[in-house]
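In: predicted model follows, preceded by the sequence.
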Amino acid sequence: MILNIIYPTSQTHIDIVEDFDQDLIDQLVALSQKHDFLIFEDRKFADIGNTVILQYSRGVHRISSWSHITNAHLVPGPSIISGLASVGLPLGRGLLLLAEMSSEGTLAAGAYTQAALDMARTARDFVIGFIAMQRFDPPPPSYSGPPEDWLILTPGVGLDVIKERGCDIIIVGRGIYGRGNGSPSDVIARQAERYRMEGWVAYEERLQ
């Protein structure tokens with residue numbers, strides 16, 4: 001299981017857990033309540049509205065029943081947002097849109113990124129932010145919508161992005177676990193705490 005603790009969020013990839021059962025979810029939810037963090041299932045939905053409704057609410061994982069936040073690609077168009085919202089909104093859930101990615105050769109750039117922002121503006125009751133490599137430029141003077149303060153989660157990069165690119169949360173995986181599969185738990189814990197503390201300091205400096 002991949003579980004990245006990035007205060008105040010826990011990121012999961014529940015579909016790669018080989019021994020998944022409901023007890024795992026019960027324990028994760030209990031930890032979330034005890035330590036006051038949100039659960040972000042990095043599911044990256046990418047299908048038509050009716051299909052994602054079923055993927056989100058049914059099956060073995062029943063993601064909507066325990067994950068506070070999930071995310072989606074915009075390839076299918078606006079129906080993916082409305083489909084997920086029909087399940088998540090009544091439960092008080094939130095959605096992140098994949099506007100940019102850190103992988104080499106990604107197609108999530110340029111016009112795709114702008115389309116993600118445009119679609120988000122039509123679903124502000126459910127879309128809370130983006131997976132992106134940097135904070136977006138402010139709307140043009142002609143923009144007449146409500147004030148924008150999207151949550152920006154940035155993957156695949158180091159602590160510098162908080163100040164340099166204006167992100168709110170850094171998604172750290174290999175920075176913590178990348179020292180080898182056999183890394184002792186205390187080494188992983190120290191790395192996680194380092195990212196948590198230094199990330200928070202960088203965030204506070206950005207706000208000054």
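Out: Received it, and whenever you're ready, just let me know what you need. Numbering: from 1, shown residues only.
In: element containing the residue of the chain positioned farthest from its centre, please.
Out: When distances are taken from the C-alpha mean of the chain, Ser142 lies farthest, 29.8 Å away, according to CA atoms, centre = their mean. Assigned by DSSP states H and E, Ser142 belongs to neither a helix nor a strand.
In: ditto for Leu84
Out: Under the criterion of DSSP H and E, Leu84 resides in helix 79-88.
In: do Glu148 as well
Out: Following DSSP H and E, one finds Glu148 outside all helices and strands.
In: packing partners of the longest helix belonging to the chain?
Out: For the chain, the helix that runs over the most residues, judged by DSSP state H, is helix 185-207. When contacts are defined as 3 or more CB pairs under 8 Å, 6 or more residues apart in numbering; DSSP states H and E, helix 185-207 sits against strand 3-6, helix 161-164, helix 174-177. Every C-beta, even on glycine, is put in place using the N, C-alpha and C of the backbone.
In: repeat that with 6 Å
Out: Applying 3 or more CB pairs under 6 Å, 6 or more residues apart in numbering; DSSP states H and E, we find helix 185-207 packed against helix 161-164, helix 174-177.
In: one step back: any buried residues in the helix holding Leu84, and which?
Out: 80-88 (16 or more other CB atoms under 10 Å).
In: now do stretch 134-144
Out: 135-136.
In: what's the first-to-last distance across it?
Out: Stretch 134-144 has an end-to-end distance of 23 Å (criterion: CA to CA, to the nearest Å).
In: please work out the average pLDDT along it.
Out: Across stretch 134-144, pLDDT averages out at 82.
In: with stretch 12-29 instead?
Out: 94.
In: all set now, cheers.
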